[in-house]
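> Sequence plus the predicted model coming up.
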Amino acid sequence: MQRALAPDPVPDAPHLGVHDLSWGPKGAPDILHDLSFALQRDQVLAVCGPNGAGKSTLLRLIYRYLTPRLGQVLLSGVDLHALPRRETARRVAAVVQEQPTDFALTVREMVSLGRLPHRDGLSGASAHDAEIVAAALRQLDLTRFAETRFDRLSGGERQRVMIARALAQEPELLVLDEPTNHLDIRHQLELLALLRQLGLTVVLTLHDLTLAAEFADRLLVLAGGRKLAEGSPAEILTPETIAHAFNVSARIDRSGGTPRFSFHL
Ligand SMILES: Nc1ncnc2c1ncn2[C@@H]1O[C@H](COP(=O)(O)OP(=O)(O)OP(=O)(O)O)[C@@H](O)[C@H]1O
């Protein structure tokens with residue numbers, strides 16, 4: 001089968017480049033305004049901001065669920081929205097908040113869906129596919145659930161299955177919308193530690209600023225669909241930026257290794 005050729009990466013381009021990105025629903029004003037930032041390969045970017053700031057909308061544009069009204073999402077300098085769909089699915093995996101509930105699939109079958117973009121035509125799963133699926137199950141502590149039906153799992157277990165499916169996709173960019181939702185504290189910490197170790201470029205939304213400070217290389221703060229601040233957690237997580245973004249006063253204790261926040265109205 002002849003594959004559509006993807007354009008060559010642009011040397012020295014950031015791994016993810018977002019340029020002057022705007023989006024709004026059809027016939028309505030923009031929700032996301034003129035957003036630009038860059039992320040280097042293997043960095044973890046946490047997108048933070050109040051409810052309705054535009055975080056999920058930005059992620060949907062990056063994993064190509066939405067098409068920009070203006071601007072571009074570039075992967076190694078190549079316009080992601082101009083790539084063949086299958087090519088995007090090989091390069092970018094997304095874990096979204098809405099989880100499928102009507103699937104009578106087992107956990108192993110669900111995670112195996114991540115291999116689909118890598119299969120040619122009607123060819124079945126190979127031994128290599130099975131190995132990758134088994135490794136993803138191990139990474140997310142799911143091996144014991146492999147033959148359990150997905151719809152029998154708890155919310156947190158399902159969340160881990162969706163992350164394992166994304167890893168089985170072997171993407172170069174992983175996008176996760178509030179991945180710590182539903183997870184207990186241990187699994188939150190394990191997931192974020194895993195995301196750091198993967199050697200992947202990661203964009204995730206996080207509401208917990210302590211976790212963002214501890215695990216992200218870069219922070220992007222959105223408010224009202226616009227970029228409020230971007231930089232390292234130490235640069236960004238100041239009482240002033242937090243007050244501006246969330247309309248609360250914040251105290252930051254930097255006496256330990258990781259800053260601790262307390263918030264007041
Ligand atoms: N398809 C759509 N049509 C109309 N309005 C939308 C659409 N998608 C998002 N919005 C609106 O755009 C704004 C930003 O939504 P978005 O889900 O991106 O925010 P968010 O920062 O992820 O919020 P939260 O923290 O609550 O998850 C919200 O006011 C939302 O109602």
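Looks like it came in fine.
> Name the SS class of residue 46, please.
Per DSSP: H, G, I helix; E, B strand; the rest coil, the secondary structure class of residue 46 is strand.
> contacting residues around it?
204-206, 212, 215-216, 218-220, 233 (C-beta atoms under 8 Å, 6 or more residues apart in numbering). C-beta coordinates here come from the backbone N, C-alpha and C atoms, glycine included.
> Please convert these to a markdown table, extending it with pLDDT.
Shown next, in a markdown table, are the contacts of residue 46 (pLDDT from 0 to 100):
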| residue | pLDDT |
| --- | --- |
| 204 | 97 |
| 205 | 97 |
| 206 | 95 |
| 212 | 94 |
| 215 | 94 |
| 216 | 96 |
| 218 | 97 |
| 219 | 97 |
| 220 | 98 |
| 233 | 93 |
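> and of those, the nearest to the ligand?
Proximity of the contacts of residue 46 to the ligand (C-beta to the nearest ligand atom) peaks at residue 205, which lies at 6.4 Å.
> hang on, the closest one packs against residue 177?
Yes - checked against C-beta atoms under 8 Å, the pair residue 205 and residue 177 is within contact range at 5.3 Å.
> Figure out the helix or strand that the closest residue in space to residue 82 that isn't next to it in sequence lives in.
Leaving aside its sequence neighbours, residue 82 sits nearest to residue 7 (C-beta to C-beta, 6 or more residues apart in numbering; 7.8 Å). Assigned by DSSP states H and E, residue 7 belongs to no helix or strand.
> how many other residues sit next to residue 7?
The number of residues packed near residue 7 is 12, by other C-beta atoms under 10 Å.
> on that earlier part again, compare residue 205 and residue 177 and say which is more crowded by neighbours.
Using other C-beta under 10 Å, the more surrounded residue of residue 205 and residue 177 is residue 205, with 25 against 21.
> sorry, back to before: in strands, which of the contacts of residue 46 fall?
Judged by DSSP state E, the contacts of residue 46 include 204-205, 218-220 as members of strands.
> Now the two most distant members of these.
The distance between the two most remote of the ones in strands among the contacts of residue 46 (C-beta to C-beta) is 13.3 Å, for 205 and 218.
> about what we covered before: can I get the ones in strands among the contacts of residue 46 in a markdown table including distance to residue 86?
Formatted as a markdown table, those follow (distance: C-beta to C-beta, whole Å):
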| residue | distance to residue 86 |
| --- | --- |
| 204 | 24 |
| 205 | 26 |
| 218 | 29 |
| 219 | 32 |
| 220 | 29 |
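> And the strands in this structure?
For the chain, the strands defined by DSSP E cover 16-23, 32-39, 44-48, 70-75, 78-79, 92-95, 173-176, 201-205, 218-223, 226-231, 249-253, 260-264.
> how big is the angle separating the fourth one from strand 32-39?
So the one you mean is strand 70-75. Per axes from the mean of the first three to the mean of the last three C-alpha atoms, to 10 degrees, the angle that strand 70-75 makes with strand 32-39 is 20 degrees.
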